[in-house]
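Q: No letters, just coordinates:
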Ligand code: ARG
């Protein structure tokens, strides 16, 4: 008698910090969901891998990849020259950028120039944190996650936050972030990539998967699902 061969899918350990709406978050049941989650699961499906998700703080993501404790990380991570020194990135999968957010009643912070000397909140280890360092005389407070700095902005402990525009706009539009507005156009042009350790055996496969999803319409479906708001 013959037995049908069993298809063993290789497991890809993927890290994310599920505090970055709508890219990665936890729903009421505690399950991971979001644009990045759908994208990564779809990539795995088309290339025949199985994702094992790990929740890790954003700030430790790069060092975790360097230590090869996970195979990849998807977390709205901007591809930067600095990060490329120690880890690798997939082809870009999302165009993003930083924006300034302030309390709704703030009238004096209107642009980058008016941030000089102000109290600014940023997420630790983010491109927003790097950007804020370039603002003259700014007093910078760092936070572990976006939700924390928005809370401190509402409390009046900082005058503004500098963070990823899409995530901020999404939170405002969906009502879980009341009393905050975005005041400028994008301060930067950034691209998110899926991060891997250097010399990852999976990077080419991940890129192949992104290519398939872009050409077969799946990427656009996932985009619509999360950004048609
Ligand atoms: N795109 C920015 C960066 O790469 C911020 C990402 C924040 N992501 C997160 N999951 N909190 O530095």
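A: Arrived safely. These figures come from a predicted structure and were not determined experimentally.

Q: Just the element for the closest residue to residue 74 other than its chain neighbours, please.
A: Excluding its sequence neighbours, the residue lying closest to residue 74 (C-beta to C-beta, 6 or more residues apart in numbering) is residue 36, at 4.4 Å. Backbone N, C-alpha and C define where each C-beta goes, glycine included. Element membership for residue 36, per DSSP states H and E: helix 35-47.

Q: returning to what we had before: residue 77 is in contact with the residue nearest to residue 74, correct?
A: No: counting by C-beta atoms under 8 Å, residue 36 stays clear of residue 77, with 9.2 Å between them.

Q: what does this protein have sitting close to the ligand?
A: Within the chain, the residues that sit near the ligand (C-beta under 6 Å from any ligand atom) are 17, 19-20, 58, 75-78, 123, 126-127, 145-146, 164.

Q: Could you dump those into TSV and include secondary structure and neighbour count?
A: Below are the residues of the chain next to the ligand laid out as TSV (DSSP: H, G, I helix; E, B strand; the rest coil; neighbours: other C-beta atoms under 10 Å):
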residue	secondary structure	neighbour count
17	coil	24
19	strand	20
20	strand	26
58	helix	24
75	coil	22
76	coil	24
77	coil	28
78	strand	23
123	strand	26
126	coil	24
127	helix	24
145	coil	18
146	helix	26
164	strand	25
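
Q: By pLDDT, give me the weakest of the residues you listed.
A: Across the residues of the chain next to the ligand, no position has a lower pLDDT than residue 146, which has 76.

Q: so that one makes contact with residue 17?
A: No: using C-beta under 8 Å, residue 146 is not in contact with residue 17, being 9.8 Å away.

Q: How is the chain divided into domains?
A: 10-94+192-227, 98-182 (automatic domain parsing).

Q: Do me a favour and get the end-to-end distance for the first one?
A: Taking C-alpha to C-alpha, to the nearest Å, domain 10-94+192-227 runs 31 Å from one end to the other.

Q: how much space is there between residue 208 and the ligand?
A: 24 Å (C-beta to the nearest ligand atom, to the nearest Å).

Q: pretty sure that residue is in a helix, no?
A: Yes: Residue 208 sits within a helix when classified using DSSP: H, G, I helix; E, B strand; the rest coil.

Q: Tally up the residues packed near the closest residue to it other than its chain neighbours, please.
A: Computed as C-beta to C-beta, 6+ apart, the closest residue to residue 208 that is not its neighbour in sequence is residue 47, at 6.1 Å. Residue 47 has 19 neighbours, counted by other C-beta atoms under 10 Å.

Q: what does residue 62 give?
A: 17.

Q: how about it, what does it touch?
A: Residues near residue 62 by C-beta atoms under 8 Å, 6 or more residues apart in numbering: 83, 86-87, 125, 195.

Q: Check those for burial and list the buried ones.
A: Buried members of those, scored by 16 or more other C-beta atoms under 10 Å, are 83, 87, 125, 195.

Q: Out of these, which sit inside strands?
A: Using DSSP state E, the subset of the buried ones among the contacts of residue 62 located in strands is 87, 195.

Q: Make JSON lines out of the buried ones among the contacts of residue 62 and add pLDDT.
A: As requested, these are exported to JSON lines (pLDDT from 0 to 100):
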{"residue": "83", "pLDDT": "98"}
{"residue": "87", "pLDDT": "98"}
{"residue": "125", "pLDDT": "95"}
{"residue": "195", "pLDDT": "98"}
